[in-house]
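Enquirer: Sequence first, predicted model second:
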Amino acid sequence: MPDRRYLPRMSLRVECQPGYRGDPEPLAIWFGERRVAVRGIVDRWFGATQRWFKVDADDDQLYVLRHDEAEGQWELAALTRQSD
């Protein structure tokens, strides 16, 4: 079973590329000076004003990112360590 950590709202910087319909999709996540590349989008879902992405990163973590479309803000919603 994966080790899940649910985090308080955490702001971060997300590098994006245009995805479906030209909407931003995460390409990399910046934690201060540390860049974590996104290897792939595992899942995505939508709310009224938010887009959510579960991404597989090159540090072997699964991150759940929330993008507030009205504010243009990205937040780290959850971190799931992948099983070996």
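Expert: Nice, thanks for sending it over.
Enquirer: contacts, neighbours, all on C-alpha from now
Expert: Will do.
Enquirer: Next secondary structure element downstream of the longest strand along the chain?
Expert: Identified as the longest strand of the chain according to DSSP state E is strand 34-46. The helix or strand immediately downstream of strand 34-46 is strand 50-57, counting by DSSP states H and E.
Enquirer: Remind me what that following strand packs against, helices and strands.
Expert: strand 34-46, strand 61-68 (3 or more Cα pairs under 8 Å, 6 or more residues apart in numbering; DSSP states H and E).
Enquirer: Now render those strands as JSON lines, adding distance to residue 24 and mean pLDDT.
Expert: What follows is those, written out as JSON lines (distance: least, Cα to Cα, whole Å; pLDDT from 0 to 100):
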{"stretch": "strand 34-46", "distance to residue 24": "12", "mean pLDDT": "96"}
{"stretch": "strand 61-68", "distance to residue 24": "9", "mean pLDDT": "95"}
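Enquirer: Determine which stretch of those strands is the most buried.
Expert: strand 61-68 (a mean of 21; mean count of other Cα atoms under 10 Å).
Enquirer: what's in contact with that strand?
Expert: Contacts to strand 61-68, defined as Cα atoms under 8 Å, 6 or more residues apart in numbering, come from residues 49-57, 73-82.
Enquirer: Out of those residues, which end up buried?
Expert: Neighbour-count burial (16 or more other Cα atoms under 10 Å) is assigned, among the contacts of strand 61-68, to 50-57, 74-81.
Enquirer: Identify the residue with the minimum pLDDT among these.
Expert: Minimum pLDDT for the buried ones among the contacts of strand 61-68 is recorded at residue 81 (77).
Enquirer: Adjacent strands (with direction) for the strand or helix carrying residue 29?
Expert: Element membership of residue 29 [criterion: DSSP H and E] is strand 24-31. Using DSSP bridges, strand 24-31 pairs in its sheet with strand 13-18 (antiparallel), strand 34-46 (antiparallel).
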